[in-house]
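1. Show me how the following folds:
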Amino acid sequence: MFIYKYINKFSRNRNNFTKKVENLMFTEKWIKKSEHFQKNAKNCFLDNLYDLACFSAQQAIEFFLKGIIIYLTGHKPYIHSLNNLIQEIISLGFQIPQNIIESINSLEEHYMQARYPDSRLNDYTKNEAENAIKNMEVVLNFLNKFYEQIKKAK
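-> Numbering: from 1, shown residues only. Have a look, this model is predicted:
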């Protein structure tokens, strides 16, 4: 009986450890993909592809947020709304500064508008792309620090 309890306890701990390692691996993949979108946003801006720069800025944040949620919960959210993703992190008991929420809100529209040519009346401008990249950098700077803090705490 004692041996069974010991083995069962070890097995449960091993499963928890395995899940944490898997979550970390998947999180790192999502963050790496976020970095690709960040680079793409900047490259598209330099090539005057302002719609793609804005879309990539939005995607960089979406992928990083999903990576953090995977790390914290073990599940991948099947949503694209940055507002919903940040609200999921807040619902886990974390506080997010208002300026970060505002930057996230400003990127929200680019998921749809930048993808579909008939979703807006005017083409994207250089100013819009500059603002999207600036907001992306503000949010990513915060998320990188946030992620490092929660890794240390876990």
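
2. mind listing the helices for the protein?
-> 2-46, 50-73, 82-91, 98-108, 110-113, 126-153 (DSSP state H).

3. Just the mean pLDDT for the first one, thanks.
-> Per-residue pLDDT values over helix 2-46 give a mean of 73.

4. on that earlier part again, so which of the helices of the chain is the most surrounded?
-> Mean neighbour count (mean count of other CB atoms under 10 Å) peaks for helix 50-73 among those, with a mean of 24. Using the backbone N, CA and C atoms, a C-beta is placed for each residue, glycine as well.

5. angle of that helix against helix 82-91?
-> Regarding helix 50-73 and helix 82-91, their directions subtend 20 degrees when assessed with axes from the mean of the first three to the mean of the last three CA atoms, to 10 degrees.

6. re the thing from before, nearest to residue 119, of the helices of the chain?
-> helix 110-113 (4.8 Å; CB to CB).

7. Check which helices and strands that closest one sits against.
-> On a contact count with 3 or more CB pairs under 8 Å, 6 or more residues apart in numbering; DSSP states H and E, helix 110-113 meets helix 50-73.

8. Let's see the helix it packs on as CSV, backbone CA atoms only.
-> C-alpha atoms of helix 50-73 as CSV (Å, rounded to 0.1, in the frame of the first residue of the first chain):
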residue,chain,number,x,y,z
TYR,A,50,1.3,50.0,-44.0
ASP,A,51,-1.7,47.6,-43.8
LEU,A,52,0.6,44.6,-43.3
ALA,A,53,2.7,46.5,-40.8
CYS,A,54,-0.5,47.2,-38.7
PHE,A,55,-1.7,43.6,-39.1
SER,A,56,1.7,42.2,-38.1
ALA,A,57,1.8,44.5,-35.1
GLN,A,58,-1.6,43.2,-34.0
GLN,A,59,-0.4,39.6,-34.5
ALA,A,60,2.8,40.1,-32.5
ILE,A,61,0.7,41.0,-29.5
GLU,A,62,-1.9,38.3,-30.1
PHE,A,63,0.7,35.6,-30.2
PHE,A,64,2.5,36.8,-27.2
LEU,A,65,-0.7,37.0,-25.2
LYS,A,66,-1.7,33.5,-26.2
GLY,A,67,1.8,32.3,-25.2
ILE,A,68,1.3,33.8,-21.7
ILE,A,69,-2.1,32.3,-21.4
ILE,A,70,-0.8,28.9,-22.4
TYR,A,71,1.9,29.2,-19.8
LEU,A,72,-0.5,30.2,-17.0
THR,A,73,-3.4,27.9,-17.8
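
9. That'll do, ta.
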